[in-house]
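Engineer: Make a model of this:
(2 chains)
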Amino acid sequence: MPALASPLRLCRGILKELRYLQGPSYKQSPAYNHVMDQFRRNKVTEERYCRAQQEAQHAAHTYLCLLESTRNHLVLHNLYHAKGERNPEEVAGLVGLKLPTQPGGKGWEK
Amino acid sequence: MFRSLIRLKSPFGSVISLYNVCPRHQHSSCTRKYSTATSERKKFYQDVSISQGEGGLYEINLDRRKLKTPGGNLFVVPNEALAVAVATEWDAQKDTLKFYTMHLTTLCNTALDNPTQRNKDQMITAALKYLETDTVCYRVDEPPGLVELQKNEWDPVLHWIENRYDVTVGSSSSILGPEIPEATKDTFRQHLSSYNLWSMTGLEFVITQLKSVILSLGMIDRHLSVEEAVLLSRLEEEYQIRRWGNVEWAHDYDMYELRARTAAGALFVQLSSESSTIKHKLMQD
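Structural biologist: Next up is the predicted model:
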């Protein structure tokens, strides 16, 4: 069995992601109601060994992972990959290098 | 290195990820314009809602229009949880629709349209092909650190699957990979045929993402979490990162994408094979 976070943490994590996706009115969304409903329905069996509860917990964990990873992926995508091709300075900067500069400034040899 | 070359040639992996959504009337231009995974289009709706249609199937409505698949079929899903998750994906789009973030929608489309026109047996055969080149069965001889790491991390999963399904898999560092007995393949074939077409679509997607039947089954059987399965699938990369450093725009980017895809696939499998368990619960109440 993988070490899963507690149901409370999972629930809060999912709600946090939903709030991020849907803004302040997220409590009116069907997703909010469904998530709360699922967590309430599986609550009673918390202390006993119950397959359905573990199934629900695993599903919640997987869904949280989906939401978090999609958000992080999109952040990185927008940061690094969404702006088309980079110019040479930026490319050099990505690997911590700088383009060589001419000693007397541009066009000094003329 | 060779393994990744072999896998790149694997026939069905790319088809699924390229299969994207758009309403029917745009279909002809879609195939041309929206056929890449990075495509975007302007958001054309405000409200997303769910309704229950004929046969108890759930539909998604964008404003007043029903969502359709790229193949022109009505977009219907078998249970509420999946409908809610798909609706949330559509609802979460801001100004442009980013189809590459809507993994569950993509999977539903694939299951509904079946763009590769395969039946379940063909899907199972395609999925089992990954067993022959399974990530956790392919070991390296050097460097010693990685040899050790693979042994410590992959062996427990390998043993678990061998016990769980009562099969022999084994591992090998030869280029040809381990010799997988026919009996093992038959056992897995039999097990996979118990999945319905929808869950099989999801499972095949997960297998092509993780490049491993063993890790995928480990995750679907709830022995591994998504994070663990992804970590094990990327073990060599993680080893190199530890040695040479992490590059956010390549390593983290790939990892989050892989996690998102794998999680979507796993959830899809779980939700698509759930309808019987829901009935159970209602009876118990």
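Engineer: Got the phi and psi for the closest residue to chain A within the stretch 1-150 of chain B?
Structural biologist: With C-beta to the nearest C-beta, the shortest gap between the stretch 1-150 of chain B and chain A falls at B:A92, namely 3.9 Å. (Each C-beta comes from the backbone N, C-alpha and C, glycine too.) In terms of degrees, to the nearest 10, the main-chain angles of B:A92 are phi -80, psi -10.
Engineer: Tell me if I'm right that it and A:Q22 touch.
Structural biologist: Yes: using C-beta atoms under 8 Å, B:A92 is in contact with A:Q22, at 6.7 Å.
Engineer: Looking at those two, which has the bigger crowd around it?
Structural biologist: Neighbour count, other C-beta atoms under 10 Å in any protein chain shown: between B:A92 and A:Q22, B:A92 has more, with 23 against 17.
Engineer: In contact with that one, which residues?
Structural biologist: Neighbouring residues of B:A92 by C-beta atoms under 8 Å, 6 or more residues apart in numbering or on different chains: A:L21, A:Q22, B:T101.
Engineer: Need the worst-confidence member of the residues you listed.
Structural biologist: In terms of pLDDT, the lowest of the contacts of B:A92 is A:Q22, showing 85.
Engineer: Contact partners for it?
Structural biologist: Neighbouring residues of A:Q22 by C-beta under 8 Å, 6+ apart: A:S29, A:A31, B:T88, B:D91, B:A92.
Engineer: now do 6 Å
Structural biologist: Each residue near A:Q22 by C-beta atoms under 6 Å, 6 or more residues apart in numbering or on different chains is listed here: A:S29.
Engineer: B:T133: neighbouring residues, count only.
Structural biologist: Counted by other C-beta under 10 Å, the residues lying close to B:T133 total 20.
Engineer: Pull up the gap between it and B:S174, please.
Structural biologist: With distances taken as C-beta to C-beta, to the nearest Å, B:T133 is found 12 Å from B:S174.
Engineer: and the helix ranked longest in chain A, is it in reach of chain B?
Structural biologist: With residue count as the measure and DSSP state H as the assignment, chain A has helix A:51-76 as its longest helix. Yes: using C-beta under 6 Å from any C-beta of the partner chain, we find that helix A:51-76 touches chain B at A:H58, A:A59, A:T62, A:Y63, A:C65, A:L66, A:S69, A:T70, A:N72, A:H73, A:L74, A:L76.
Engineer: By mean pLDDT, point me to the weakest helix or strand of chain A.
Structural biologist: One helix or strand of chain A scores below all others by mean pLDDT, DSSP states H and E: helix A:88-94, with a mean of 83.
Engineer: Which pLDDT value goes with A:R51?
Structural biologist: 62.
Engineer: And the one 10 residues further on, by the same measure?
Structural biologist: A:H61 carries a pLDDT value of 92.
Engineer: Kindly report the same for the one 10 residues further on.
Structural biologist: The confidence metric pLDDT takes the value 94 at A:R71.
Engineer: Equivalent analysis for B:K281, please.
Structural biologist: We note a pLDDT of 41 for B:K281 in this prediction.
Engineer: Could you pull up the mean pLDDT of the helix or strand hosting A:D37?
Structural biologist: Remark: A:D37 resides in helix A:30-41, with elements defined by DSSP states H and E. In this model, helix A:30-41 has a mean pLDDT of 86.
Engineer: List phi and psi for residue 102.
Structural biologist: Went with chain A since none was named. Torsion angles, degrees, to the nearest 10, at A:Q102: phi -80, psi 140.
Engineer: Which residues of the stretch 101-250 of chain B lie near chain A?
Structural biologist: Proximity of the stretch 101-250 of chain B to chain A, by C-beta under 6 Å from any C-beta, involves residues B:T101, B:R222, B:L224, B:S225, B:V226, B:E228, B:W249.
Engineer: can you rerun that using 8 Å?
Structural biologist: Selection of the stretch 101-250 of chain B residues close to chain A by C-beta under 8 Å from any C-beta of the partner chain yields B:T101, B:H103, B:L104, B:R222, B:H223, B:L224, B:S225, B:V226, B:E227, B:E228, B:E248, B:W249.
Engineer: from these, which would you call buried?
Structural biologist: Among those, those scoring as buried are B:T101, B:H103, B:L104, B:R222, B:H223, B:L224, B:S225, B:V226, B:E227, B:E228 (criterion: 16 or more other C-beta atoms under 10 Å in any protein chain shown).
Engineer: thinking the first one is in contact with B:E89, fair?
Structural biologist: So that's B:T101. Yes: if you go by C-beta under 8 Å, B:T101 and B:E89 touch, sitting 7.4 Å apart.
Engineer: so what's residue 98 up against?
Structural biologist: No chain was given, so I picked chain A. A:E89, A:A92.
Engineer: um, chain B though
Structural biologist: For B:K98, the contact set (C-beta under 8 Å, 6+ apart) comprises A:L74, B:E40.
Engineer: By mean pLDDT, which helix or strand of chain B comes out lowest?
Structural biologist: Where chain B is concerned, the least confident helix or strand, going by mean pLDDT, DSSP H and E, is helix B:13-18, with a mean of 36.
Engineer: quick check, B:R41 in a strand?
Structural biologist: Yes: B:R41 forms part of a strand when assessed by DSSP: H, G, I helix; E, B strand; the rest coil.
Engineer: Identify the residue nearest it in space, chain neighbours excluded?
Structural biologist: B:L97 (5.2 Å; C-beta to C-beta, 6 or more residues apart in numbering or on different chains).
Engineer: Run a quick neighbour tally on the one you found.
Structural biologist: 23.
Engineer: Spell out which residues of chain A are next to chain B.
Structural biologist: Residues of chain A lying close to chain B (C-beta under 8 Å from any C-beta) are A:1-4, A:18, A:21-22, A:29-31, A:34, A:38, A:41, A:52, A:54-55, A:58-59, A:61-63, A:65-66, A:69-70, A:72-74, A:76-77, A:79-81, A:94.
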